[in-house]
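Chemist: model this:
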Amino acid sequence: MRYKALFALALAFSTPAHAERLLIDHRGYPALSQAVMNAGEDAIFYQDASPDYVLDRIKIQGRSASDWSEAIEFVVYPRGRGVKQIEDWYRGFSAAEQLTCPSRWNVIRQDDTGITFTRDQAQCAGLQGQSRLYRAMLGKRHVFLVGGLYRGEMSEEMKHQWLVVLDSAKVGS
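Modeler: Sure, this is the predicted structure:
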């Protein structure tokens, strides 16, 4: 029960009390569970660049949430009127990001509730050498993005554990 409360608490700052929230079960990845249970102030980064997005990052490995080697990231974007399905958002998001930081994008799977994808081989200084594994989900008014970030190449075991976490994601209120 504590795991849901911690992530709900982290996301409560991202959205109003009556709004939807992204919920995940971090128990599928022991390193993430340990980081969440032991997170101090330096392990959490919050940025509200409203109206564009709200970002929460929790350090799993590293010195801090801004100097991490592995982290989980939650981003909440306004849904936008033209976004009817998750593919609409993904196409727009990846195209816009590609203009500022060319990367290799790969859709792993897609279902009725969201899309899971990777972003790696980035050609910009801020993302170079990173592996990123994401799950994006549509809410009524927002798009929720949760991602596993790693400086380096993720092992198959790490990818598997991140996919277990990402597959647990759901939008709730």
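Chemist: Helices of this protein, start to end?
Modeler: Counting by DSSP state H, the chain has helices at residues 2-12, 30-37, 86-100, 156-167.
Chemist: which one of those helices lies closest to residue 46?
Modeler: helix 2-12 (8.5 Å; CB to CB). No exception for glycine: its C-beta is placed from N, CA and C like everyone else's.
Chemist: And residue 52, its phi and psi?
Modeler: Residue 52 has phi and psi values of phi -80, psi -50 when expressed as degrees, to the nearest 10.
Chemist: Can you tell me how far the residue most central in space within the chain is from residue 123?
Modeler: Note on the chain: the residue nearest the mean C-alpha position is residue 146, at 2.0 Å, using CA atoms, centre = their mean. Applying CB to CB, to the nearest Å, the value for residue 146 to residue 123 is 24 Å.
Chemist: again with residue 64
Modeler: Residue 64 is 26 Å from residue 123, by CB to CB.
Chemist: who's more crowded, these two?
Modeler: Applying other CB atoms under 10 Å to residue 64 and residue 123 shows that residue 64 carries more neighbours, namely 15 against 11.
Chemist: number of nearby residues for residue 31?
Modeler: Residue 31, neighbours per other CB under 10 Å, totals 13.
Chemist: quick one, what contacts it?
Modeler: 60-61, 70, 161 (CB atoms under 8 Å, 6 or more residues apart in numbering).
Chemist: Take these and keep only those in strands.
Modeler: In this view, the contacts of residue 31 that belong to strands under DSSP state E are 60-61, 70.
Chemist: Nearest to residue 106 among those residues?
Modeler: Closest to residue 106, out of all of the ones in strands among the contacts of residue 31 and judged by CB to CB, is residue 70, at 19.8 Å.
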